[in-house]
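[1] Sequence first, predicted model second:
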Amino acid sequence: MKMVIVNGRHESDFIIKKFKKDKHHLIVINKDKDFAEYTSNNNQIPVLCEDASKAYTLSDAGVEDADVLIALSGDDIENYVTCITAKKIFNVKRVVSLVQNPKRVDLFKQLGIDSVICSTYLLGESIKNESIIETFTKKLSLENDKIMVAEALIGDDYNIANKQIKDITFPPAVNISCIYREPEVIIPNGSSTIKPGDKLIIVSSPENQETIINFINKKVDENE
């Protein structure tokens, strides 16, 4: 699959890592010179440091007939222009735009953006249907509530802090999908160490939700 990833910071780094390992053809454009350099060095991949909202940049990058373009700028209008230019001029099959303003979600869809992602919008939809869990900053239900995806911040005194994943007996049906440790997004394995300040992206079944919350929150002195 030919993918174009435009701008963004850690979310861009995460997407690149996720799809690079599956050997997709990735085209990366980032107008932030420092983060373009970081992304290139961190992922051993070329990054074009130009403004992707300009047609000549997309032409230079070779986005023609790409399967998908993902626009991750913090500027909604810039993302829209990039997506529409890619779709109308360069025949990109599917365009995905990040938006900051939740009021623009439906508007962008009506104007031709195939997928629109807004964390505030998703949070609002979640709040309408379920209560907020204090220690989890994000929660999303997938596949008719069969899967729960949550984000948890690890404190200094948490029992699992400074331990390798292989040495932690997690509750059943729980998986650590990734670890966000600024400025990196880490795809963990058994030898990965969970450190204080890490944000864990956790996948679990709904019935294990309370169990994993209690397990993650357990402090060192609670085990004595």
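    Looks like it arrived, so ask away.
[2] How many neighbouring residues does K2 have?
    By other C-beta atoms under 10 Å, 17 other residues sit near K2. Using the backbone N, CA and C atoms, a C-beta is placed for each residue, glycine as well.
[3] residues contacting it?
    By C-beta atoms under 8 Å, 6 or more residues apart in numbering, the contact set of K2 is 24-25, 27, 65-68.
[4] Let me see the domain layout of the protein.
    By the record's domain assignment, the chain is partitioned as 2-122, 131-223 (automatic domain parsing).
[5] Quick one: classify V81 as helix, strand or coil.
    For V81, the reduced secondary structure class is helix; criterion used: DSSP: H, G, I helix; E, B strand; the rest coil.
[6] Which stretches in this protein count as strands?
    2-6, 25-29, 47-48, 68-71, 94-98, 115-117, 136-142, 147-153, 163-164, 174-181, 184-186, 193-194, 199-204 (DSSP state E).
[7] The first one: how far from the chain's middle?
    Just to be clear, that refers to strand 2-6. Its chain's C-alpha centre lies 15 Å from the corresponding centre of strand 2-6 when counted by C-alpha atoms, centre = their mean, to the nearest Å.
[8] Then the longest one?
    Relative to the mean C-alpha coordinate of its chain, strand 174-181 is positioned 12 Å out (C-alpha atoms, centre = their mean).
[9] so how many other residues sit close to K93?
    Counted with other C-beta under 10 Å, the burial measure for K93 works out to 14 neighbours.
[10] Now, of the contacts of K2, which are buried?
    For those, a neighbour count by 16 or more other C-beta atoms under 10 Å gives the buried set as 27, 66, 68.
[11] I appreciate the help and will end here.
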